[in-house]
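Got a sequence here, can you model it:
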Amino acid sequence: MGVALTKSAQWTAAGHGTRTLEITPLNEAILKEIIMFVESFIYKHPQEAKFVFAEPLEWNTSLEPSAFGSGYVVSETTVKSEEVDKNGQPLLFLSVPQIKIRSFGQLSRLLLIAKTAKLKEAQACVEANRDPIVKILGSDYNTMKGDSIALNSLGKITRDDDPESEIKMKIAMLLKQLDLHLLNHSLKHISLEISLSPVAVKKDIELLKRFSGKGDQTVLESIEYTSDYEFSNGCRAPPWRQTHGEICYVLVKPHDGETLCITCSAGGVFLNGGKTDDEGDVNYERKSSIYKDLVTFLREKSPTFSENMSKQVIPIFNSFGSFPKSGISGSCGNSVFNFWRNCQRQKALKLIYLCIFFRSKGSAKEIQEDKRTGRLEKSRPSVSHGRAQLLRKSAEKIEEIISDSSSESEEDEEPPDHRQEASADLPSEYWQIQKLVKYLKGGNQTATVIALCSMRDFNLAQETCQLAIRDVGGLEVLINLLETDEVKCKIGSLKILKEISDNPQIRRNIVDLGGLPIMVNILDSPHKSLKCLAAETIANVAKFKRAQRVVRQHGGITKLVALLDCAHDSTKPAQSSLYEARDVEVARCGALALWSCSKSHTNKEAIRKAGGIPLLARLLKTSHENMLIPVVGTLQECASEENYRAAIKAERIIENLVKNLSSENEELQEHCAMAIYQCAEDKETRDLVRLHGGLKPLASLLNNTDNKERLAAVTGAIWKCSISKENVTKFREYKVIETLVGLSTDQPEEVLVNVVGALGECCQEHENRVIVRKCGGIQPLVNLLVGINQALLVNVTKAVGACAVEPESMIIIDRLDGVRLLWSLLKNPHPDVKASAAWALCPCIENAKDAGEMVRSFVGGLELIVNLLKSDNKEVLASVCAAITNIAKDQENLAVITDHGVVPLLSKLANTNNNKLRHHLAEAISRCCMWGRNRVAFGEHKAVAPLVRYLKSNDTNVHRATAQALYQLSEDADNCITMHENGAVKLLLDMVGSPDQDLQEAAAGCISNIRRLALATEKARYT
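Have a look, this model is predicted:
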């Protein structure tokens, strides 16, 4: 990490203050990698996360003390972590604004607390701690001194007898790995950046000077250097600034703004601080983002420049490429031949040109002969006069273009090669594509088709080619071509848009230019190839919310659903196989577009209303794998909605999903498993998966762990299917539980969440708990309790709680400090994690040896759990009440929680309508009545009357718990009176006849106490 920060990170120049990190994409990328490393450290390396640094990392933070919650002692201006070192010093100490941190665990938690400010905090930490490894591991690890010292220190650690030496060695190796990773990441990032040269910058400035001056048609009012002196290397920046890659500084006066002082450097172009008023020196500090070149910068800063530049496209192009309008020599044929001879894509362009001008005319032999002799036109009786005239006009236009290119090739041979120097910083394809876009703008129909075909010969998947089209205004032209009547132009344009729309920036530009509504209209075209291309392009573009909304608002969902029904449009049985292939392709493209659009909730509903589910179900029966993937992908996205899950059952889709699990296509397997995962929330669906034989293929797919995306989908499907006991029995037969235990370590979080969720469901049965224990599955589960992923923590707490039901497993959990880790999760900010941890503690307390002493050993633990009764979350309250019921079985613990005010807090919850909370609240009240005068206190806090109302519930568990609570409360005379006044006797009499023995006894005991009080009162009255 130290070497990467020293050699790769970009720091500001040393001035009067300390050096700071520049705001550059490279620095931001380095900081994000460091954040990812630190955030994941606490759960990937839990033991190392507790290691105390040799010196604290110190910096000025922007966080306020109020941002810190549980686990910290917070005052107005200071924060101390409850976690301390062996000397009792806190591992995190904040005294506004300075913060000191002494462990990776606290660093991870700080980033979690910082949320959106984590990048700012990471930058401040790195700037204030220039060599963090020294502070973490000690002075022996000074990265400035070279690797040899680090190696000597590593040897020293391995020979040391200190118990922390092994952990220290591991941290040293982890930091070394991070350092190498940051260096490699920096190299990759730098290799993608475009580096400007002094020659290229000079060419740009000279070119802009030609088109600057007064008048509305010029691009700028003026552009000039700040210095007239040019060094031998072509730079005009002072030597001490050249070391930072700076080339020159220019003053630019646009028509619509103030004068801009711009820095041109190897890394790009940006706005600086301008000239100082005193001495006229340049303030070198960067004041804007970095742009790839001067023209791009000015386009962004000046709308007038951008507008006038578009008017100067052809003159500027002539300047770059030196296209003189005169000097056409030789016949048209010779010009064509010279043009194609010098073109990089010679063969393809020859064929395109010849196909356009000689299509359906003569044999290939004649065409070759014409090419050799240079003749463009032949006398053909089949060609109409109008068509021949069109061809002649097209040939004249092409001849003009060809002659320009011919002149360009002649100039290529003349030294010096200025054009090659100007384009040395960008691939030649960039400039060639821009030339083709010019032909698209100015050419006729034939030239347009040639340009489109030529453009497709480039690697349009390459970002340089994509941006070349965009930068010169090619997107507008391509979208305009979609509104023409010429099918070939539409096809060519769509093929290019389909390929370049993989770029996120291009997608947004297409939407901004209004391209999506036009593509939606093309879906009504009678030409199936046009439909396919339009749907595929929509599939690429509709990857973000705004695009998905535009498709829906212009009726695109209905039209795309209609494409799925193309298989029934064939009216020519003689060509059925050809029509079937075309129909399948149309339906595939429609499904592909619906897949992209189905990321939106509103679009999912629109697909359902348009009748998409039956059509998708029908397509699911096809044998075409390339069709199945988008169909299953769409179903997978939509299955998150309950309406869809019901429709999927009704259409018998589950059977086909199960069948395709056995496909050899891994992507199809992944999407089928994910669809089952979404649908298996419903019991009937889980049963259908089992009945159609889906459990065995899911089990077999677990053995292939190379494809992590598929593994996540498969483990997710197994998790949801495990909710049904019958499925768990089958999984036990297929040895799935042993495989899941093996997958509970060294897997991505998305896989671990599902694996642990499945183990949690399987461990509800005794046989499976034994298997997990014998396979060594408890330790990895306990290790995962230190993570920060919310979903993972919810699942792992449930799994640990399920294992704790078995006494043998509980011994292992206790030995691994699992109960303390569960208790610490009660401080987690997420309510779901708190609730799940509290539920898991119930079996732990119930089955632990000497549970009372264990609970008391957690400092502040009882106070923490009592304070959770102040939560607003019903699930948290129910789980905490259940935990208090188990804690209160020990008299000493009951006395402690009574002192912490458990009685008034439980009483305050009594007025609830939630049956789950009522059940566990009544049990907690029943237990708490067994200490001191708690029975009287519950009456004083008005808890008795609401409890009587619980007897009107339809839940038998609530009846039992309430009757037991009322029985305990009825030991106090005032409570008996309250029960009688609220009609408890009649309700309890009905429950005396219940088949539940515990309910019978509690109801009878409560009635007995009330009756005794009544008899005693009556006797006192008459005595």
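
what about the closest residue in space to Q505 that isn't next to it in sequence, neighbour count?
With sequence-adjacent residues excluded and distances taken as Cβ to Cβ, 6 or more residues apart in numbering, Q505 is closest to R470, at 7.4 Å. C-beta coordinates here come from the backbone N, C-alpha and C atoms, glycine included. Neighbourhood size, R470 [other Cβ atoms under 10 Å]: 18.

For R470, report the pLDDT, please.
R470 carries a pLDDT value of 86.

For it, list the residues it contacts.
R470 makes contact with 500, 505-506, 509, according to Cβ atoms under 8 Å, 6 or more residues apart in numbering.

For the helix or strand F305 falls within, list the C-alpha coordinates in CSV.
Assignment of secondary structure by DSSP states H and E places F305 within helix 303-311. The C-alpha trace of helix 303-311 is given here as CSV (Å, rounded to 0.1, in the frame of the first residue of the first chain):
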residue,chain,number,x,y,z
PRO,A,303,-22.5,26.2,-26.6
THR,A,304,-21.6,28.7,-29.3
PHE,A,305,-18.3,27.0,-30.0
SER,A,306,-20.1,23.7,-30.2
GLU,A,307,-22.7,25.1,-32.6
ASN,A,308,-20.2,26.9,-34.9
MET,A,309,-17.9,23.8,-34.9
SER,A,310,-20.7,21.7,-36.4
LYS,A,311,-20.9,24.3,-39.3
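
How about the contacts made by the most centrally placed residue in the chain?
Nearest to the mean C-alpha position of the chain, counting by Cα atoms, centre = their mean, stands E750 at 11.8 Å. Neighbouring residues of E750 by Cβ under 8 Å, 6+ apart: 708, 712.

Just the mean pLDDT for the one helix or strand it maps to, thanks.
For E750, the element it lies in under DSSP H and E is helix 749-762. Averaged across helix 749-762, the pLDDT comes to 91.

likewise stretch 130-149?
The average pLDDT for stretch 130-149 rounds to 67.

what's the answer for stretch 547-554, then?
pLDDT averaged over stretch 547-554 gives 91.

before we move on, what about stretch 590-608?
pLDDT averaged over stretch 590-608 gives 89.

hmm, back to that, looking at the contacts of R470, spot the one nearest I247.
Q505 (26.6 Å; Cβ to Cβ).

any idea which helix or strand carries that closest one?
Applying DSSP H and E, one finds Q505 within helix 504-512.

and the helix or strand that comes right after that helix, what other elements does it pack with?
Sequence-wise, the next helix or strand downstream of helix 504-512 (DSSP H and E) is helix 515-522. On a contact count with 3 or more Cβ pairs under 8 Å, 6 or more residues apart in numbering; DSSP states H and E, helix 515-522 meets helix 474-481, helix 487-500, helix 528-541, helix 545-553, helix 556-563.

Which among those helices is found nearest to C465?
The nearest among those, by Cβ to Cβ, is helix 487-500 at 7.6 Å.

So which bits of the closest one are buried?
488-500 (16 or more other Cβ atoms under 10 Å).

could you give the angle of it to helix 515-522?
130 degrees (axes from the mean of the first three to the mean of the last three Cα atoms, to 10 degrees).

between helix 487-500 and helix 504-512, how many degrees?
140 degrees.

got the CA coordinates for helix 487-500 in CSV?
C-alpha atoms of helix 487-500 as CSV (Å, rounded to 0.1, in the frame of the first residue of the first chain):
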residue,chain,number,x,y,z
VAL,A,487,-35.1,0.0,-45.7
LYS,A,488,-31.4,-0.6,-46.4
CYS,A,489,-30.5,2.7,-44.7
LYS,A,490,-32.6,1.8,-41.7
ILE,A,491,-31.0,-1.7,-41.5
GLY,A,492,-27.5,-0.3,-41.7
SER,A,493,-28.2,2.4,-39.1
LEU,A,494,-29.8,-0.1,-36.7
LYS,A,495,-26.9,-2.5,-37.0
ILE,A,496,-24.5,0.2,-36.0
LEU,A,497,-26.7,1.5,-33.2
LYS,A,498,-27.2,-2.0,-31.9
GLU,A,499,-23.4,-2.5,-31.5
ILE,A,500,-22.4,0.9,-30.1
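
Report all helices and strands that that helix contacts.
Judged by 3+ Cβ pairs under 8 Å, 6+ apart, helix 487-500 is in contact with helix 445-456, helix 463-471, helix 474-481, helix 515-522, helix 528-541.

what's in contact with it?
So helix 487-500 is in contact with 445, 448-449, 452-453, 455-456, 460-461, 465-466, 469-470, 478-479, 481-482, 484, 506, 510, 515, 519, 522, 527, 529-530, 533-534, 536-537, 540, going by Cβ under 8 Å, 6+ apart.

How about the secondary structure of L864?
Classification of L864 by DSSP: H, G, I helix; E, B strand; the rest coil places it in helix.

returning to what we had before: which of the buried residues of helix 487-500 sits closest to P25?
For the buried residues of helix 487-500, the nearest to P25 is I500 (22.5 Å; Cβ to Cβ).
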